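J.: got a structure for you, letters missing:
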């Protein structure tokens, strides 16, 4: 296996590199780093959520949806993942499906439609 800039260094170094790419709005670069990192630490929510956000911002909506669904499946009360999943589905024109996740995210935040 050939090591590239995107997968060079420890997991902590790659996490920091991914955050730098993301903060610089190089979402595709962040996704390249995070994709490999998520494979190594699949149980960690932070890298997977940042990967989903990088996919979302780089218009890789299907990939973002897949990552967010994995997070929500493992942790149904992860409200930010629910919110992002709802927004991702909205951007894909799947408004009815999105509404369910957005309502759940709102409820977790204490925002109730009838209140």
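T.: Sure, I can see it. These numbers were taken from a predicted model, which means no experiment stands behind them.

J.: in stretch 60-72, which residues are buried?
T.: Going by neighbour count (16 or more other Cβ atoms under 10 Å), the buried part of stretch 60-72 is 60-61, 63-65, 67-68, 70-72. For the C-beta atoms, the positions are set from N, CA and C on the backbone; glycine is no exception.

J.: just give me the closest of the residues you listed to residue 109.
T.: The closest of the buried residues of stretch 60-72 to residue 109 turns out to be residue 72 (Cβ to Cβ; 15.3 Å).

J.: wait, doesn't that closest one sit right on residue 81?
T.: Yes. At 5.2 Å, residue 72 counts as touching residue 81 under the criterion of Cβ atoms under 8 Å.

J.: show me the buried residues of stretch 60-72 that map onto strands.
T.: With strands defined by DSSP state E, no entry of those lies inside them.

J.: columns pLDDT and distance to residue 42 on top of the residues you listed, output as JSON lines?
T.: Converted to JSON lines, these look like this (pLDDT from 0 to 100; distance: Cβ to Cβ, whole Å):
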{"residue": "60", "pLDDT": "97", "distance to residue 42": "19"}
{"residue": "61", "pLDDT": "97", "distance to residue 42": "21"}
{"residue": "63", "pLDDT": "98", "distance to residue 42": "15"}
{"residue": "64", "pLDDT": "98", "distance to residue 42": "17"}
{"residue": "65", "pLDDT": "98", "distance to residue 42": "17"}
{"residue": "67", "pLDDT": "98", "distance to residue 42": "11"}
{"residue": "68", "pLDDT": "98", "distance to residue 42": "14"}
{"residue": "70", "pLDDT": "97", "distance to residue 42": "8"}
{"residue": "71", "pLDDT": "97", "distance to residue 42": "11"}
{"residue": "72", "pLDDT": "96", "distance to residue 42": "15"}
